[in-house]
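**Student:** One predicted model, sequence on top.
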Amino acid sequence: MPPDGTGPLAPAVAPGPPTGVTAVTLPEGVLPSEGGPLPAGAPGQRGPCGIASRGRRKSGPGPAPRRRVPRPWRLLPTPTGTPFTFTYAVLLCATSLIYAHADPAVVHALLQGSSTDVAHLVRTPELVLVGSALWVAGGVASPFAIGFVLVLTALERRIGGLRTAGVFLLGHVLATLATEVPVGLAVLAGHLPDSSLHRLDYGVSFGVAAGAGALAGLLPPWLRVPLLAASGAMILQDLLAFTDPLTNWGHLIALTIGIATWPLVRHWHTMRGAPSAG
């Protein structure tokens, strides 16, 4: 009996869950604040902002995209990044030193022996096609020497060394044959003297022109158009000067050969997984 005698004492009852919410017993050792899905019927836990959640962490904003930093040194060849262009450039520097400092008679004999004229192409085509590409007409300061470094470096970074060598060799060989075979036929027909069979022809210019044409296909339009315009203007200027029309026609042919390789070099570029051409 209570002190006031009003009736029996009611038993104490523990407060239950709010109306409409089913009580759920969590497994032993699992706290409501731990991550992971909660059992069905468990009330959502309140996050740091007072918003009910079920153990999911709201992901924040991702890292800001990195801006591409210009790297002008990539315009030049390196032993590891562009081994073909680097090795070839060193070889051309060596032959240019020979051309500049060796005895003129020795230099003339070397050039004559590696010339891709008709007489040599008939006797030793493989030897002269390779030997003629070891010299730079005009030295290392000539436009084609500078173009060699810039064009082949950019092309090799996009399609690899062996494929760059293939594009260079394709332009060098086909443009040489396209200019020398008509000379041989003209001599046989009596339209040119026999001395035309021994004209001095050497240098890397045909390969560089083909490389420039191929590279243009991998560049965005704002770079492609100036490259083709500059190359075409230089070749046409030489043609109009008429100083060496046979070689100048070879430059135009080589540039066209490079442009014709666009589907192939673009496929190589995609397969290589190179960064954007821009």
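**Tutor:** Good, I have the coordinates. Since the model is a prediction, treat every value here as computed from it, not as a measurement.
**Student:** Find the least confident helix or strand in this protein, judged by mean pLDDT.
**Tutor:** Least confident helix or strand, the chain: strand 52-53 with a mean of 46, by mean pLDDT, DSSP states H and E.
**Student:** Can you name the next helix or strand after that strand?
**Tutor:** Heading C-terminal from strand 52-53, the first helix or strand you meet, by DSSP states H and E, is helix 83-101.
**Student:** Any buried residues in that following helix, and which?
**Tutor:** For helix 83-101, a neighbour-count test (16 or more other CB atoms under 10 Å) marks Phe84, Thr85, Phe86, Tyr88, Ala89, Leu92, Thr95, Ser96, Tyr99 as buried. Where you see a C-beta, it was placed from the backbone N, CA and C, and this is true even at glycine.
**Student:** same check, this time on stretch 214-233
**Tutor:** Buried residues in stretch 214-233 (16+ other CB under 10 Å): Ala214, Leu215, Ala216, Gly217, Leu218, Leu219, Leu227, Leu228, Ser231.
**Student:** center of the protein - which residue?
**Tutor:** Centroid check for the chain by CA atoms, centre = their mean gives Arg158 as the closest residue, at 1.6 Å.
**Student:** Mind listing residues that contact the one helix or strand that one maps to?
**Tutor:** Using DSSP H and E, Arg158 sits in helix 143-159. Outside of helix 143-159, the residues within contact range by CB atoms under 8 Å, 6 or more residues apart in numbering are 74-77, 81-82, 84-85, 88-89, 92, 96, 136-139, 164, 167-168, 203-205, 207-208, 211-212, 214-215, 218, 234, 265, 268-269, 272, 274, 277.
**Student:** Tell me where the protein is predicted with low confidence.
**Tutor:** Along the chain, segments meeting pLDDT under 70 span 1-70, 73, 274-278.
**Student:** Now do the helices in it.
**Tutor:** Using DSSP state H, the helices assigned to the chain run over residues 83-101, 104-113, 118-123, 125-131, 143-159, 161-188, 205-216, 221-241, 245-260, 262-272.
**Student:** With respect to burial, which of these scores highest?
**Tutor:** By mean neighbour count, with neighbours taken as mean count of other CB atoms under 10 Å, helix 205-216 ranks first of these at a mean of 29.
**Student:** What is it packed up against?
**Tutor:** Packing partners of helix 205-216 (3 or more CB pairs under 8 Å, 6 or more residues apart in numbering; DSSP states H and E): helix 143-159, helix 161-188, helix 221-241, helix 245-260, helix 262-272.
**Student:** by contact count, what packs against the longest one?
**Tutor:** Applying 3+ CB pairs under 8 Å, 6+ apart, one finds that helix 161-188 makes contact with helix 83-101, helix 118-123, helix 125-131, helix 143-159, helix 205-216, helix 245-260, helix 262-272.
**Student:** Out of the ones you listed, which gets nearest to Gly184?
**Tutor:** Closest to Gly184 of these is helix 118-123 (CB to CB; 4.3 Å).
**Student:** Please state the offset of the closest one from the chain centre?
**Tutor:** 37 Å (CA atoms, centre = their mean, to the nearest Å).
**Student:** going forward can the numbers begin at 54, since that is how I track them
**Tutor:** Sure thing, new numbering starts at 54, so read that last one as helix 171-176.
**Student:** Show me what that helix is packed up against.
**Tutor:** Applying 3+ CB pairs under 8 Å, 6+ apart, one finds that helix 171-176 contacts helix 178-184, helix 214-241.
**Student:** close enough to count as contact, Ala263 and Phe221?
**Tutor:** Yes. Because the distance of 6.5 Å satisfies CB atoms under 8 Å, Ala263 is recorded as touching Phe221.
**Student:** Tell me the spacing between Ser248 and Ala172.
**Tutor:** Look at Ser248 and Ala172: by CB to CB, to the nearest Å, they are 10 Å apart.
**Student:** Phi and psi next, for Leu272.
**Tutor:** phi -100, psi 150 (degrees, to the nearest 10).
**Student:** Next: Val189.
**Tutor:** Backbone torsions for Val189, taken as degrees, to the nearest 10, come to phi -120, psi 110.
**Student:** burial of it, as a residue count?
**Tutor:** Neighbour count for Val189, taken as other CB atoms under 10 Å: 23.
**Student:** All set now, cheers.
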